[in-house]
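**Student:** Would you be able to build a 3D model of this:
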Amino acid sequence: MSAISEAAHDEDESLACESEKCHWRNLLTDQMRETLQDANFSAGLATLIIGFWLNCAIIMSEKLRSEKCYRNLLNYTIAATVRRAVPVVFMTLPFRCLIECIGYSNLTCDFFGFVDTFIAVFELESLTQVCIERLIYALYIYKGWINPDWHNKLFVSISLFLAFLYSTLPLLGYGSYGKDFDCMNCTFDILLPTKAAYKLIVIVIFVLKNLKPTVVITFSLNFTRWLEVNKIKVNNKNEIVFTLSICIVVLVNIVFWFPIFLVRASVVMAQILHSNTEMIWSPCFVMWAISMHWISPAVAMIGLIWYNPRVRAKMTNLVSLRPIDSNEPTPPPTPAQPAQDTTPPPAQDTKAIKTN
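**Tutor:** This next block holds a predicted model:
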């Protein structure tokens, strides 16, 4: 028992040491951090279950998997699921204790910051590419062009490139990775450097990471809906349902992301205008903003499942072999035809015919 107590005491001292290195260590109390950690764990576990179920349904459905829009959607749902699953795995397995015993605390923050930024950017850019794909699909129908097959490969390549670019820049000295507001997770540090050139680079990265995808997503979906309603007639009802499903996903993500964006943007603006990092938001609001952002993929996936009947049908019949996800509705059964009289006609009297 003494060895266990000493190990627990050493772990508490290690966590306290890590908290002391955090710039926001006085923002939340230890009790608030524990509550936030439990809430994020529950949100991550819910996202892991729902995302795994949804991804399996799309992958196992031959009809959904064959459509480019759903293959493009898989990039977003898989990235969102993996990002929320990583903390769940590292909180349930003794990886964190093992890394802390090694003693590479700075390397650990850089490593987890790189992984979190890479997956977060890929998640957001994948959702952006889904909206761009909707716009391109509507434009190609309006112009009468044939939609090529290489668009999906281009979308994935762009998302991977931007994710690698944004996550690598802090490792090259353009920005840095640091503790987030909860002093538990590492992410892209919004504390601006002292040099003007590096400060400008960090501000540009912050704007491109957050505002650029929001503007592109909003414009793409609005223009797509305008084309679908006013300029083109989409004969396939499933395409309209999918576009509206993406509208629900985007709306949930924007609403749930906006509070944490306000917190981060206010810190950046305070450094630009007043050269300080004074927090204007209450600790409860910061906790609520972090939790809202973390649970957003689960709520967005639930909205997608609720509105899209094809996805919902496949998820409720995940192992069924029935063709429930076909493009056309199942025709009603043909009514039974009345039985025909197969009795042969009576034989005529040949003698009577000859006599006549």
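
**Student:** all strands of the stretch 51-200 of the chain, in order?
**Tutor:** For the stretch 51-200 of the chain, applying DSSP state E, counting those that start in this stretch gives strands covering 177-179, 186-188.

**Student:** out of those strands, which comes closest to Gly144?
**Tutor:** strand 186-188 (43.8 Å; C-beta to C-beta). In this view, the C-beta of every residue, glycine as well, is placed from N, C-alpha and C.

**Student:** per-residue confidence averaged over that closest one?
**Tutor:** Regarding strand 186-188, the rounded mean pLDDT is 89.

**Student:** Would you list the strands that it pairs with, along with their directions?
**Tutor:** Strand pairing for strand 186-188, using DSSP bridges, gives strand 177-179 (antiparallel).

**Student:** can you list contacts of the partner strand?
**Tutor:** Strand 177-179 has contacts (C-beta atoms under 8 Å, 6 or more residues apart in numbering) with 18, 21-24, 109-110, 112-114, 117, 170, 185-189, 191.

**Student:** Can you say which of these are buried?
**Tutor:** Buried positions within the contacts of strand 177-179, assessed by neighbour count (16 or more other C-beta atoms under 10 Å), are 18, 22-24, 109-110, 112-114, 117, 170, 185-189.

**Student:** State the number of residues packed around Ser220.
**Tutor:** Ser220: 22 surrounding residues under other C-beta atoms under 10 Å.

**Student:** Could I get the buried residue list for the helix or strand hosting it?
**Tutor:** Using DSSP states H and E, Ser220 falls within helix 196-226. Residues 201-203, 205-206, 209, 213-214, 216-217, 220-221, 224-225 are the ones in helix 196-226 that count as buried (16+ other C-beta under 10 Å).

**Student:** so which of those residues comes closest to Ser282?
**Tutor:** Phe206 (22.7 Å).

**Student:** shouldn't the closest one be in contact with Val268?
**Tutor:** Yes. Assessed by C-beta atoms under 8 Å, Phe206 is found in contact with Val268 at 6.0 Å.

**Student:** shared neighbours of these two, which are they?
**Tutor:** Common neighbours of Phe206 and Val268 (C-beta under 8 Å, 6+ apart) are Ile190.

**Student:** picking up where we left off before, can you say which two of the buried ones among the contacts of strand 177-179 are spatially most distant?
**Tutor:** With C-beta to C-beta as the measure, no two of the buried ones among the contacts of strand 177-179 lie farther apart than Trp24 and Phe114, at 20.2 Å.

**Student:** Nearest residue to Lys231 in space, please, no chain neighbours.
**Tutor:** Counting by C-beta to C-beta, 6 or more residues apart in numbering, Tyr142 is the residue found nearest to Lys231 once chain neighbours are left out, at 5.4 Å.

**Student:** what about Pro297, which helix or strand?
**Tutor:** helix 283-307.

**Student:** which helices and strands sit right next to that helix?
**Tutor:** If you count contacts as 3 or more C-beta pairs under 8 Å, 6 or more residues apart in numbering; DSSP states H and E, helix 283-307 packs onto helix 30-60, helix 68-92, helix 237-274, helix 309-316.

**Student:** In the longest one, which residues are buried?
**Tutor:** So the one you mean is helix 237-274. Result for helix 237-274 [16+ other C-beta under 10 Å]: buried residues 238-239, 242-243, 245-250, 252-253, 256-257, 259-261, 263-265, 267-268, 271.
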